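**Student:** coords below, sequence missing:
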Ligand SMILES: CCCCCCCCCCCCCC(=O)SCCNC(=O)CCNC(=O)[C@H](O)C(C)(C)COP(=O)(O)OP(=O)(O)OC[C@H]1O[C@@H](n2cnc3c(N)ncnc32)[C@H](O)[C@@H]1OP(=O)(O)O
């Protein structure tokens, strides 16, 4: 045993999240953090093409339309794809905190099936921060932004530096990303906290 606490409940010493003063304004489209990202990248033909916007406080909203390429059972979204949509929406909270964080733990509830063609209306918010640990929740609704919750998640993201990707990513993609001025602008936008 490593002694690691794997719970998704913030410890008593955790503090409320703080919206970064330079965070995009509520309603602003956040764009993709990486063109080849399966969740949000425009360059991924079978990706989710999820579009997220900044919300009030430390929150975001997003939309994703389930495509035929996202099926698990006939005519229904694959659960892993729905988990990805939740994960990507939670990841978009990075833009509002202006830190780079990756998913450490993601717990997902699937409450109702989501047919192909459905627009999933997602919302995510940070609930607490403790050191590098960022606690957050997300929901995905169908039938409109106020429709019933079809999927929901609780997550723990861990703050990392850009070196995390340089050390672990495949050199071809890392070198291409580092040579791309748009990608460097995104990395700099997150790394405002030294
Ligand atoms: C060029 C780049 C551009 C920008 C790109 C933007 C990318 C955005 C992408 C968004 C895309 C969408 C999102 C995606 O899909 S992100 C992709 C999916 N996620 C990953 O690939 C992450 C893989 N995991 C790791 O790399 C490491 O394990 C990390 C970095 C997470 C931690 O390893 P590290 O060695 O750094 O830290 P540590 O081990 O000292 O732990 C630190 C603290 O955290 C606690 N802890 C850790 N893990 C867990 C856990 N599972 N449950 C509960 N707790 C956990 C731990 O107990 C400790 O707490 P405490 O003891 O201090 O209290």
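**Tutor:** Noted; the coordinates are in hand. On a predicted model such as this, the values are computed, not experimentally measured, just so you know.

**Student:** strands of the protein, residue ranges please.
**Tutor:** Shown for the chain, the strands assigned by DSSP state E span residues 51-54, 59-65, 101-110, 119-130, 133-141, 149-159.

**Student:** residue 182: how many residues sit nearby?
**Tutor:** 11 (other Cβ atoms under 10 Å). For every residue, glycine as well, the C-beta is placed using N, CA and C.

**Student:** could you check how far the residue nearest to it when sequence neighbours are not counted is from residue 143?
**Tutor:** In this structure, residue 182 finds its nearest non-sequential neighbour in residue 35, 7.9 Å apart by Cβ to Cβ, 6 or more residues apart in numbering. When distances are taken as Cβ to Cβ, to the nearest Å, residue 35 and residue 143 turn out to be 31 Å apart.

**Student:** which one of those two has more residues nearby?
**Tutor:** Ranked by neighbour count (other Cβ under 10 Å), residue 35 and residue 143 place residue 35 first, with 18 against 11.

**Student:** check what pLDDT the more buried one gets.
**Tutor:** The per-residue pLDDT reported for residue 35 equals 94.

**Student:** what do you get for the one 5 residues further on?
**Tutor:** According to the per-residue confidence, residue 40 scores 97 in pLDDT.

**Student:** contacting residues around the nearest residue to it once chain neighbours are set aside?
**Tutor:** When the adjacent residues along the chain are set aside, residue 40 lies closest to residue 32, with 4.4 Å between them (Cβ to Cβ, 6+ apart). Going by Cβ atoms under 8 Å, 6 or more residues apart in numbering, residue 32 touches 40-42.

**Student:** mark which of the residues you listed are buried, thanks.
**Tutor:** Among the contacts of residue 32, the ones that count as buried by 16 or more other Cβ atoms under 10 Å are 40-41.

**Student:** helices of the chain, start to end?
**Tutor:** 79-91, 94-97, 163-168, 171-178, 181-190 (DSSP state H).

**Student:** and the residue nearest to residue 40, how close does it get to residue 8?
**Tutor:** From residue 32 across to residue 8, the span is 27 Å (Cβ to Cβ).

**Student:** then residue 126?
**Tutor:** Relative to residue 8, residue 126 is positioned 13 Å away (criterion: Cβ to Cβ).

**Student:** which strands and helices sit next to the lowest-mean-pLDDT helix or strand in the chain?
**Tutor:** Using mean pLDDT, DSSP states H and E, the weakest-scoring helix or strand in the chain turns out to be helix 181-190, at a mean of 80. The helices and strands touching helix 181-190, judged by 3 or more Cβ pairs under 8 Å, 6 or more residues apart in numbering; DSSP states H and E, are helix 94-97.

**Student:** what sits against the closest residue to residue 86 other than its chain neighbours?
**Tutor:** In space, and not counting its chain neighbours, residue 86 is closest to residue 153: 4.2 Å by Cβ to Cβ, 6+ apart. Contacts were defined as Cβ under 8 Å, 6+ apart; by that measure residue 153 touches 83, 86-87, 90, 106-109, 137-139.

**Student:** count the neighbours of the residue in the chain positioned nearest to the ligand for me.
**Tutor:** For the chain, the nearest residue to the ligand under the criterion Cβ to the nearest ligand atom is residue 91, separated by 3.0 Å. For residue 91, the number of neighbouring residues by other Cβ under 10 Å comes to 25.
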